[in-house]
Structure formats: structure tokens, C-alpha cells
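Trainee: my questions concern the predicted model and sequence given below.
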Amino acid sequence: MSESLWALLQPSSLLVILVALALVASWLRAHALAASLLTLVLAAIAVAVVLPVTEWIAGPLEEQVAPAPLPPRVDGLVVLGGAVEWRITAARGQLTLNEAAERVAAAAALAQRYPEARLVFTGVFAETFAQDFRAQPTERSLWFGPVFEDREVRYLGAARSTYEDAIVALREAPPAPGETWILVTSAMHMPRALATFRTQGWTTLLPYPVDYRTTGSALPRFDWDVSGTLADLDAAVREWGALQVYRRTGRIVP
């Protein structure tokens, strides 16, 4: 499914469409219809603010795959893209991360824990991390140190989707028999990502979910961060939709 269609179907976009329809109805002097549409929008926002809707929708995704116990040795880390604001990074010359920054932070922590592990980043090119994951820091480095000296780091920028992440990673950095690798991505994204990699044949992959958006509690609460709540709700709805598409198209098999 195209990015534009996903953008159109997400809850925040649907609310904007309802507001636009209300304006059109007002211009056409259908004031009762306009009032009804605006009431629906306000009611939807109120429900999202008062009720734990994000917990109900995103929580089951984040609970599907538990973090695997960390083994004494790891041969490689696969870190999925989606955490880097590459346009700002390129413009400012310093790595800029978004709300999924834990993916990169976890990669750095695991790289320190397993100094022999190979590092594979999908969805980004090497120049994005030009200042980072190196032995000697520059003025704009965020992650550096001796553990990264002569370290094998691969950047697979050609991957533009979870399915391509698996295909390109298996082609460019295939695990040797008996090797143990860790998959790092957001908890909400982990069920689809892990199933996609395993469907493609990468079975010796341990999940390391990060970037949780839910607490595991479904109790009602007031959350006045409307934009943040809608953003998390958009992400959850999108992930459920993508999961169904992957199942129906054979990119994931039970």
C-alpha cells in the first residue's frame, strides 16, 4: 500500500478531512451538517484524550514479542531504519533522530556490550552516520570510542520497507551457520519485522524491542498532549494495517 494512501487513512488525517467537510458544508449553508461533523471531530479527540485508546490499539502489538534474554555472545546486530531525520542530518552535519531514537541508542549500547558483533543499519546510507560509530570523535559525534575501531559496520540504504530490510540484509550481510544475531526495532514494529525476517529464512534472530509507546495499563487517564496521542494512534493503526497487508501478500507466513 502506498505511503500516500496510508497518510490519508490514518486517524489524524480522517479528522482533518471531517473538518474540511464541515467547512464545505458551512459554505453551502448546511449548518446542521457542519455542526454535526465538528461535533464528531471534538468527540473523537475527547475520547482519545480521556480513554486509553492508544493502549488498546498499540498495546497488543507491543506485547506480541517479548525481549529475548541476551546471550553471552552475539555475532551481529540488525538495526532497522526509521529513527533518523536524514534531511536535517544532512543540512546540519550532525545526526538528528526522531521519536524512534531508541533504535540507534540501543544499537550503540549493544555494540558496546558485544564488541565483536557486526553492525548492520538498514534504510540509511553511510554518510548519515559519518560522524558516529567511530574510534575517534569529531566535534559533532554522538557515539564513539575504542570499541568502534576497525569495527565492521554496514549501511544498507537501499532498503525502503520492512520487507526490503529483510531481503537486502540477507543478501548483503548473511549470517553464517550457527551465528546469533539481534534484531533492533520499535516494539510496535517488532511483530511484523521479526516475522518478515524469519519468513525470508533468517531464523536465528533474537528480538530486542525498544521505543515502547504504551505502559501496559488500560486505565482511563487525561492526556492533554493531543498531537502526541494522535501521532501514536496513527502509528498503531498504520502498523496493524501493514501487518495485515504483509500477511495477505505472503511477506509473512504463520
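Mentor: Good, I have the coordinates.

Trainee: only C-alpha atoms, please: export the helix of greatest length in the chain in CSV.
Mentor: Assignment by DSSP state H gives helix 226-248 as the longest helix of the chain. What follows is helix 226-248, C-alpha atoms only, in CSV (Å, rounded to 0.1, in the frame of the first residue of the first chain):
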residue,chain,number,x,y,z
VAL,A,226,-3.4,15.7,21.8
SER,A,227,-0.9,15.8,19.0
GLY,A,228,1.3,13.2,20.6
THR,A,229,-1.7,11.0,21.3
LEU,A,230,-2.9,11.2,17.7
ALA,A,231,0.7,10.5,16.4
ASP,A,232,0.9,7.3,18.5
LEU,A,233,-2.6,6.4,17.4
ASP,A,234,-1.6,7.0,13.7
ALA,A,235,1.4,4.8,14.1
ALA,A,236,-0.6,2.0,15.8
VAL,A,237,-3.3,2.0,13.1
ARG,A,238,-0.7,2.0,10.4
GLU,A,239,1.2,-0.9,11.9
TRP,A,240,-1.9,-3.0,12.2
GLY,A,241,-2.8,-2.3,8.6
ALA,A,242,0.7,-3.1,7.4
LEU,A,243,0.7,-6.3,9.3
GLN,A,244,-2.5,-7.4,7.6
VAL,A,245,-1.1,-6.4,4.2
TYR,A,246,2.1,-8.4,4.8
ARG,A,247,0.1,-11.5,5.8
ARG,A,248,-2.2,-11.3,2.8
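
Trainee: can you get me a residue count around the residue lying closest to His31 once chain neighbours are set aside?
Mentor: Counting by C-beta to C-beta, 6 or more residues apart in numbering, Ala25 is the residue found nearest to His31 once chain neighbours are left out, at 7.5 Å. Yep, even glycine has a C-beta here, placed from its N, CA and C like the rest. A count of neighbours around Ala25, defined by other C-beta atoms under 10 Å, yields 18.

Trainee: same question, Ala158
Mentor: Neighbours around Ala158, by other C-beta under 10 Å: 14.

Trainee: right, I'll call it a day here.
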